[in-house]
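>>> Below is the sequence, then the predicted model.
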Amino acid sequence: MTKNQSDYFQAKHPWSETKDDLLACYLTPFFTKVYRPSRNGILYIDAFAGAGLFADGSKGSPLIALSKYFAIAKKNRSKTPIQFILSESNAESRKHLESTFNEAKGASGYIKPPIIVSSCEDAIRRAQQTSVCGGGKPSTVFYYIDPFGVKDLRLDLLTNSPNMAHTEALVNFNSFGLFRVACAAMKVPLSLPNEVELPEDDFNELTKASVWVERLNACIGSGNWKEVVVRYKAGEIDAWQAEHALSELFCNNARSYYKYVTNMPIKDMSKRVNVGGLVKYRMIHMTNSPDGCVLMNDNMIKRNLDRQCKQLGLFAVDVDGRNVETAVIAAKASDFVQHMPVHQNMKMGDIAATLISECGVFDRSNTILKTYVGPMIEEGVLERAVKFTLKGKPKKSFALKDEVYRAR
């Protein structure tokens, strides 16, 4: 079922609230973590920024990010500069965005006047050329990519950050919308249940198949999506499996540029209850920082528990998704450790981030370490770099900064 986007900026839909809730919850610890180390400033790109405010007065993603940064800056005497680059295709919304953002920004000098452009591509290209302070490359780069569908999403645009080692990206990935386009491009009939809502603005049946093929290749980062459609046409997989396969293909291609990529399905738990809920869309987090990966994981777990306990009807993160069987994770943990150099210290957080990236969001990082690293310490495969506390007691903590090494 297609969904008209014409009233999108009137008020937030539940799925939009979920996205913004995730972003808001993540940005507080993220800005806290990078604020002081970012001596050359922070570059923040919101590539589909909207009008800034919804008609009902609720904040859009740019103002959410601005408010979170304000809150962190107020706690620090020394101010870290930040440059916002925002894009919005609609001219009227773009004017409103500039007005509302500058009003919220006020006279604060450390928050530079926003750079506002008309397309995602322009925003990311400006980011590649922008220096926040001192003429050097920014210390930290964050991309928030939230398109209506797939026609404007290009993986290659996220692979040329001015500082890839300190870049994070959070992408709203409309996997069912992409699957519809993929089937149309290959002239394969598609039948989806009515509860699967798709944005009509992203799809035009009159568009040439060759155009969609080109867009899909750019979006996914390869032409391998065709294999998924072929398998669907042959009846080897159903639409739900195809949706998951396409999102995993995007993630696997992203891993060529980002060490840690997390695929997080956002679900409507009131539908398809027998299979764990209806996937509405996916949030995909990409980073080269193990701390960033773990931070997103723990934020998602907490947000999921809050939603489950307090608002059972809303969308929830799929914490019981694919590849979370104990044996599978234990095998991946063992394989990772066996490839560690002998007697070379490694933070436990690096191990947790690797398991999260490969297995998905399924538990808190501390629990992951206790469950899968703990037994290897007991068996002597791993040893703690610091074996005793300051009081002389055997160390038993599983903190992200705790270090271990492969003993044999």
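Received it, and whenever you're ready, just let me know what you need. Residues are numbered from 1 along each chain as shown.
>>> Please enumerate the strands of the chain.
2-3, 42-46, 82-87, 115-117, 140-145, 167-173, 198-199, 260-268, 278-287, 315-317, 346-347, 382-384, 403-406 (DSSP state E).
>>> Next, format those as a markdown table and append mean pLDDT.
Output for the strands of the chain, formatted as a markdown table (pLDDT from 0 to 100):
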| stretch | mean pLDDT |
| --- | --- |
| strand 2-3 | 44 |
| strand 42-46 | 97 |
| strand 82-87 | 96 |
| strand 115-117 | 97 |
| strand 140-145 | 96 |
| strand 167-173 | 94 |
| strand 198-199 | 65 |
| strand 260-268 | 85 |
| strand 278-287 | 87 |
| strand 315-317 | 36 |
| strand 346-347 | 97 |
| strand 382-384 | 97 |
| strand 403-406 | 98 |
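>>> contacting residues around N40?
S131, V132, C133, G134, G136, K137, P138, S139 (CB atoms under 8 Å, 6 or more residues apart in numbering). The way it works is simple: take the backbone N, C-alpha and C, and place the C-beta from them, glycine included.
>>> cool, L155 as well?
Per CB under 8 Å, 6+ apart, neighbours of L155: A218, C219, I220, G221, F250, N253, A254.
>>> one more time with 7 Å
Listed by CB atoms under 7 Å, 6 or more residues apart in numbering, the contact set of L155 reads C219, I220, G221, F250, N253, A254.
>>> Also F336?
Neighbouring residues of F336 by CB under 7 Å, 6+ apart: I351, T354.
>>> Model confidence for it, exactly?
At F336, the model reports a pLDDT of 96.
>>> And it, how far from V373?
10 Å (CB to CB, to the nearest Å).
>>> what do those two both touch?
Shared contacts of F336 and V373, counting by CB under 7 Å, 6+ apart, come down to I351.
>>> Skipping adjacent residues, who's closest to K271 in space?
L278 (3.9 Å; CB to CB, 6 or more residues apart in numbering).
>>> what's around that neighbour, how many residues?
20 (other CB atoms under 10 Å).
>>> That one touches P265, doesn't it?
No. L278 lies out of contact with P265 (CB atoms under 7 Å); the separation is 9.7 Å.
>>> okay, and for the stretch 51-200 of the chain, where does confidence drop off?
148-150, 198-200 (pLDDT under 70).
>>> ok, which stretches of it are helices?
61-73, 91-105, 120-129, 175-185 (DSSP state H, counting those that start in this stretch).
>>> need those in a markdown table with distance to M286 and mean neighbour count, can you?
Formatted as a markdown table, the helices of the stretch 51-200 of the chain follow (distance: least, CB to CB, whole Å; neighbours: other CB atoms under 10 Å):
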| stretch | distance to M286 | mean neighbour count |
| --- | --- | --- |
| helix 61-73 | 17 | 20 |
| helix 91-105 | 25 | 16 |
| helix 120-129 | 14 | 17 |
| helix 175-185 | 16 | 24 |
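>>> any chance of these in TSV, with distance to T389 too?
Putting these into TSV (distance: least, CB to CB, whole Å) gives the following:
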stretch	distance to T389
helix 61-73	31
helix 91-105	46
helix 120-129	45
helix 175-185	47
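>>> closest one to E403 among the ones you listed?
helix 61-73 (28.1 Å; CB to CB).
>>> So which elements touch that closest one?
Packing partners of helix 61-73 (3 or more CB pairs under 7 Å, 6 or more residues apart in numbering; DSSP states H and E): helix 14-34, strand 42-46, strand 82-87, helix 91-105.
>>> nearest spatial neighbour of A123, skipping sequence neighbours?
Leaving out its chain neighbours, the residue that sits closest to A123 by CB to CB, 6+ apart is S87, at 3.9 Å.
>>> Quick check: that neighbour touching E121?
No. Taking contacts as CB under 7 Å, S87 lies outside contact range of E121: 8.4 Å.
>>> if we can go back for a sec, just the buried ones from the contacts of N40?
V132, C133, K137, P138, S139 (16 or more other CB atoms under 10 Å).
>>> Tell me how far the closest residue to L190 other than its chain neighbours lies from P189.
Excluding its sequence neighbours, the residue lying closest to L190 (CB to CB, 6+ apart) is C183, at 4.1 Å. Counting by CB to CB, the gap from C183 to P189 is 7 Å.
>>> now do G50
34 Å.
>>> distance between the ends of stretch 383-392?
End-to-end span of stretch 383-392 (CA to CA, to the nearest Å): 17 Å.
>>> Just the buried residues of it, please?
R384.
>>> start the count at 11, not 1, going forward
OK, 11 is where the count begins now, so the last one is stretch 393-402.
>>> domain assignment for this protein?
The chain is divided into the following domains under automatic domain parsing: 12-327, 336-416.
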